[in-house]
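# Pasting the sequence and the predicted coordinates here, then a few questions.
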Amino acid sequence: MTRFISLLAALILSAAPALAERVTIAPGPGALAAAIAAAAEGDEIILSPGRYDGPVTIDKTLTLSGEDGAVIDGNGTLSVVLVDAPDVVVRGLHLTNSGRVHEPIDAGVKLTRNARGARVLDNVLTENLVGIDIHGARNALVQGNRIEGLRLRRMNDRGNGIYVWNAPGAEVIGNDVRYGRDGIFSNVSKSNVFRDNLFRDLRFAVHYMYTNDSVIEGNISIGNHLGFALMYSDRIVAKSNISINDRDHGVMLNYTKQSDVFANLVTGGTGKCTFVYNSHQNLIAENSFIGCDIGVHFTAGSERNTITGNAFIGNRTQVKYVGTTDVEWSHEGRGNYWSDHPAFDLDGDSRADSSYRPNDLMDHILWSQPAAKLLLGTPAVQLVRWSQSQFPAARTGGVVDSHPLITAPTREVPETVQHMAQATPLWARGETYDDSDPLEAH
């Protein structure tokens with residue numbers, strides 16, 4: 001019996017995994033690749049300060065971390081670190097100088113479909129085509145990284161800061177992305193969370209294509225060509241995001257359905273605070289659209305959307321909507337705030353006593369026939385506008401808010417980013433050339 005117990009104990013001990021080791025290495029030719037090859041599952045390889053040769057592939061579960069000053073240089077070839085095993089951690093490193101080939105996608109860190117549960121944490125990534133490529137890796141976490149992309153004049157020649165492709169469950173949280181093409185480009189994915197990221201001097205801050213059932217929350221876009229582009233995607237929650245000084249649009253919905261866009265702030269002279277193109281059954285609520293050329297542009301048959309509780313403040317044109325039927329922009333007796341609506345609230349219910357119509361017949365004529373702007377200020381135009389205001393039968397279809405708000409639900413820019421918002425964007429300096437069409441399929 002004693003012999004049997006001893007044999008059983010020996011078998012159990014032989015089956016138990018060896019304790020993970022923490023191995024610190026110094027720079028040297030091939031030192032990093034050799035350390036990865038020699039490591040066992042679960043080990044941590046710690047890089048002391050210095051420069052290490054890449055590219056390298058991690059094909060077993062381990063942690064690769066760096067002390068301050070540890071740099072992995074890809075030498076302009078392939079991805080600097082390729083992760084091809086589950087539950088790998090890449091942390092605290094400076095990863096630089098990937099290849100420049102768009103197909104396959106060269107990146108600072110590339111997570112393959114085998115990199116399930118990978119963690120890319122607190123790294124600095126510079127001079128890479130793509131910063132981090134989550135390429136099919138489920139439940140990956142990319143958090144706390146600082147990514148500076150390429151500054152090529154043509155934006156379409158650059159890569160994205162973070163590329164998410166077919167990576168359900170991926171979370172991208174608290175990263176700082178600057179330069180390059182798009183901050184986050186998500187394509188053919190689902191169940192993703194993009195939260196509390198900062199995007200500057202890019203084409204799009206967040207670019208969704210065929211990405212469903214996901215969340216964009218608490219992100220800040222400053223000085224990009226476009227803030228948050230939701231394209232061909234359904235059931236998205238985009239909340240508490242901020243767009244400042246973005247050139248074309250703060251928020252764009254293109255072929256997007258059943259999504260919630262609420263508590264966002266767009267400000268700083270953007271062309272269109274919000275552009276809604278062929279998008280249906282969405283909730284657009286509690287947003288603040290301030291100081292844009294156009295507050296919201298609805299077009300291409302966007303229908304059955306609920307617009308309520310928003311603040312339209314100081315936009316040159318509050319709404320651009322061409323239609324032949326009335327479209328109600330209030331919900332359950334609660335409309336929106338319009339800074340140009342001279343309203344009264346005699347019954348004290350915080351709702352204006354008169355409805356608001358942002359557009360009239362002359363607006364429709366001017367949008368379809370721009371040359372008619374030459375007639376602005378003429379008695380004929382003034383007569384048409386006066387007639388519409390006095391005789392309801394003379395009105396054309398369009399947006400009507402039957403229950404406008406008296407008080408604006410506004411949101412402030414956080415003090416932590418106010419100084420960034422004061423800088424002149426690169427697009428305003430003419431330092432970038434963007435030949436892309438935001439409505440063109442990608």
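Arrived safely, thanks for sending. Residues are numbered from 1 along each chain as shown.

# What about residue 159, how many residues nearby?
Neighbour count of residue 159, defined by other C-beta atoms under 10 Å: 25. Heads up, the C-betas are built off the backbone N, CA and C, glycines and all.

# wait, it sits on residue 179?
No - judged on C-beta atoms under 8 Å, residue 159 makes no contact with residue 179 at a distance of 10.4 Å.

# Find the residues that touch each one of the two.
Common contacts of residue 159 and residue 179, defined by C-beta atoms under 8 Å, 6 or more residues apart in numbering, comprise 149-150.

# And the strands in the stretch 251-400 of the chain?
Along the stretch 251-400 of the chain, the segments classed as strands by DSSP state E, counting those that start in this stretch run 260-262, 265-267, 272-277, 283-285, 288-290, 294-299, 306-308, 311-313, 317-321, 326-328, 337-338, 398-400.

# Which neighbouring elements make contact with the second one?
Judged by 3 or more C-beta pairs under 8 Å, 6 or more residues apart in numbering; DSSP states H and E, the packing partners of strand 265-267 are strand 242-244, strand 249-254, strand 288-290.

# Check the third one too.
For strand 272-277, the packing partners by 3+ C-beta pairs under 8 Å, 6+ apart come out as strand 249-254, strand 288-290, strand 294-299.

# what sits up against the second one?
If you take C-beta under 8 Å, 6+ apart as the criterion, strand 288-290 is touched by 250, 264-267, 273-274, 295-296, 310-315, 408-411.

# give me that answer again for 10 Å
242-243, 250-251, 263-270, 272-274, 295-296, 310-315, 318-319, 336-337, 339, 408-412 (C-beta atoms under 10 Å, 6 or more residues apart in numbering).

# one step back: can I get the helices and strands packed on strand 272-277 in JSON lines including mean pLDDT?
Below are those laid out as JSON lines (pLDDT from 0 to 100):
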{"stretch": "strand 249-254", "mean pLDDT": "96"}
{"stretch": "strand 288-290", "mean pLDDT": "96"}
{"stretch": "strand 294-299", "mean pLDDT": "91"}
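
# Which of those has the highest mean neighbour count?
When those are scored by mean count of other C-beta atoms under 10 Å, the highest mean neighbour count falls to strand 249-254 (a mean of 28).

# Taking their axis directions, that one and strand 294-299 sit at what angle?
10 degrees (axes from the mean of the first three to the mean of the last three C-alpha atoms, to 10 degrees).

# Show me what strand 249-254 packs onto, helices and strands only.
strand 204-212, strand 226-231, strand 242-244, strand 265-267, strand 272-277, strand 288-290, strand 294-299 (3 or more C-beta pairs under 10 Å, 6 or more residues apart in numbering; DSSP states H and E).

# Paired strands for that strand, with orientation please.
Applying DSSP bridges, strand 249-254 is found paired with strand 226-231 (parallel), strand 272-277 (parallel).

# and that strand with strand 204-212, angle?
Using the same axes, to 10 degrees: strand 249-254 against strand 204-212 is 20 degrees.

# from the chain's centre, how far out does strand 249-254 sit?
Put simply, strand 249-254 sits 11 Å off its chain's centre (C-alpha atoms, centre = their mean, to the nearest Å).

# Stretch 211-224 too?
3 Å.

# and it, which residues are buried?
Neighbour-count burial for stretch 211-224 flags 211-212, 214-224 (criterion: 16 or more other C-beta atoms under 10 Å).

# Tell me which entries of those lie within strands.
Among the buried residues of stretch 211-224, the members falling in strands (DSSP state E) are 211-212, 215-217, 220-222.

# Check those and tell me the two furthest apart.
212 and 222 (27.5 Å; C-beta to C-beta).

# Does residue 333 touch residue 349 like I think?
Yes - using C-beta atoms under 10 Å, residue 333 is in contact with residue 349, at 8.9 Å.

# which residues are common contacts for the two?
By C-beta under 10 Å, 6+ apart, the residues touching both residue 333 and residue 349 are residue 403.

# Quick check: which element contains residue 417?
helix 415-421 (DSSP states H and E).

# Same question for that helix: list its buried residues.
Within helix 415-421, the residues that count as buried by 16+ other C-beta under 10 Å are residue 421.

# Give me the contacts around that helix.
Here helix 415-421 makes contact (C-beta under 10 Å, 6+ apart) with 198, 200, 220, 222-223, 242, 244-245, 267-268, 412-414.

# got a winner among those residues for most neighbours?
Counting by other C-beta under 10 Å, top hit in those: residue 242 with 27 neighbours.

# That residue and residue 224 touch, don't they?
No - using C-beta under 10 Å, residue 242 is not in contact with residue 224; the gap is 11.8 Å.

# Now do the shared contacts for the two.
Common neighbours of residue 242 and residue 224, using C-beta under 10 Å, 6+ apart, are 205, 250.

# The spatially most central residue of the chain pairs with what?
The chain has residue 206 as the residue nearest its centroid, 2.1 Å off, counting by C-alpha atoms, centre = their mean. Beta-bridge pairing for residue 206 (DSSP bridges): residue 184, residue 228.

# residues in contact with it?
162, 172, 177, 182-186, 194, 197, 199, 216, 219, 221, 224, 226-230, 238, 241, 251.

# how about 8 Å then?
So, once contact is read as C-beta under 8 Å, 6+ apart, residue 206 ends up touching 182-184, 186, 194, 199, 216, 219, 221, 227-229.

# which of the residues you listed has the most neighbours?
residue 183 (34 neighbours).

# before we move on, back to that, just send the contacts of residue 206 back as TSV, with distance to residue 27 and pLDDT too.
TSV is the format used below for the contacts of residue 206 (distance: C-beta to C-beta, whole Å; pLDDT from 0 to 100):
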residue	distance to residue 27	pLDDT
182	34	98
183	32	98
184	33	98
186	36	98
194	35	98
199	33	98
216	40	98
219	37	98
221	38	97
227	41	97
228	42	98
229	42	97
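
# export those residues to JSON lines and tack on distance to residue 290?
Shown next, in JSON lines, are these (distance: C-beta to C-beta, whole Å):
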{"residue": "182", "distance to residue 290": "25"}
{"residue": "183", "distance to residue 290": "22"}
{"residue": "184", "distance to residue 290": "25"}
{"residue": "186", "distance to residue 290": "27"}
{"residue": "194", "distance to residue 290": "24"}
{"residue": "199", "distance to residue 290": "19"}
{"residue": "216", "distance to residue 290": "20"}
{"residue": "219", "distance to residue 290": "18"}
{"residue": "221", "distance to residue 290": "15"}
{"residue": "227", "distance to residue 290": "13"}
{"residue": "228", "distance to residue 290": "16"}
{"residue": "229", "distance to residue 290": "20"}
